[in-house]
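Visitor: here is my input, please return the structure:
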Amino acid sequence: MTTLLDRAFNIVRQLPPDEQDELARVLLQLAGHEQPPVTLTPEETASFHESLCQADRRQFATDDEIRAIYRI
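Guide: Residues are numbered from 1 along each chain as shown. I've put the predicted structure just below:
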């Protein structure tokens, strides 16, 4: 294992389990190992549906709202 990859794994180990799993899926996909689709919870499905409805209504975040997210 390279030093950089080892450093990345050490950092990821500090994250909550769900974030570790998400990063592991991305890494496996980048390495060419397809992963099964992630099943959304009912809450995530409802949130996704609401987002699509907002997009249909052309209700998008303003530039200031986007900037506020990245200032966190």
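
Visitor: for P42, report the pLDDT, please.
Guide: Here, the pLDDT recorded for P42 equals 96.

Visitor: so the residue nearest the centre of the chain, which state does it fall into?
Guide: For the chain, the residue sitting closest to the mean C-alpha position, by CA atoms, centre = their mean, is E22 at 6.7 Å. Secondary structure for E22, judged by DSSP: H, G, I helix; E, B strand; the rest coil, is helix.

Visitor: show the pLDDT at it.
Guide: At E22, pLDDT is 92.

Visitor: tell me the spacing between it and L52.
Guide: According to CB to CB, to the nearest Å, E22 stands 22 Å off from L52. All C-beta atoms are positioned from the backbone trio N, CA, C, and that covers glycine.

Visitor: thinking again about what came up before, what's the distance between the residue nearest to the centre of the chain and V38?
Guide: 8 Å.

Visitor: what about stretch 60-72, average pLDDT?
Guide: 88.

Visitor: show me the contact partners of it.
Guide: Stretch 60-72 has contacts (CB atoms under 8 Å, 6 or more residues apart in numbering) with Q54.

Visitor: any idea how far that stretch is from the middle of the chain?
Guide: 17 Å (CA atoms, centre = their mean, to the nearest Å).

Visitor: do stretch 58-72 as well
Guide: 17 Å.

Visitor: please apply the same query to stretch 42-60.
Guide: With CA atoms, centre = their mean, you get 17 Å for stretch 42-60.

Visitor: CA atoms only: put that stretch into PDB for me.
Guide: The C-alpha coordinates for stretch 42-60 follow below in PDB (Å, rounded to 0.1, in the frame of the first residue of the first chain):
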ATOM      1  CA  PRO A  42     -38.500   5.900   3.000                       C
ATOM      2  CA  GLU A  43     -37.300   9.300   4.200                       C
ATOM      3  CA  GLU A  44     -34.600   9.500   1.500                       C
ATOM      4  CA  THR A  45     -37.100   8.400  -1.100                       C
ATOM      5  CA  ALA A  46     -39.600  11.100   0.000                       C
ATOM      6  CA  SER A  47     -36.800  13.800   0.100                       C
ATOM      7  CA  PHE A  48     -35.700  12.800  -3.400                       C
ATOM      8  CA  HIS A  49     -39.300  13.000  -4.700                       C
ATOM      9  CA  GLU A  50     -39.700  16.400  -3.100                       C
ATOM     10  CA  SER A  51     -36.400  17.600  -4.800                       C
ATOM     11  CA  LEU A  52     -37.800  16.400  -8.200                       C
ATOM     12  CA  CYS A  53     -41.000  18.300  -7.600                       C
ATOM     13  CA  GLN A  54     -39.100  21.500  -6.700                       C
ATOM     14  CA  ALA A  55     -37.000  21.100  -9.800                       C
ATOM     15  CA  ASP A  56     -40.300  20.700 -11.900                       C
ATOM     16  CA  ARG A  57     -41.400  24.000 -10.300                       C
ATOM     17  CA  ARG A  58     -38.000  25.500 -11.100                       C
ATOM     18  CA  GLN A  59     -37.400  26.200  -7.400                       C
ATOM     19  CA  PHE A  60     -33.600  26.100  -7.200                       C
END
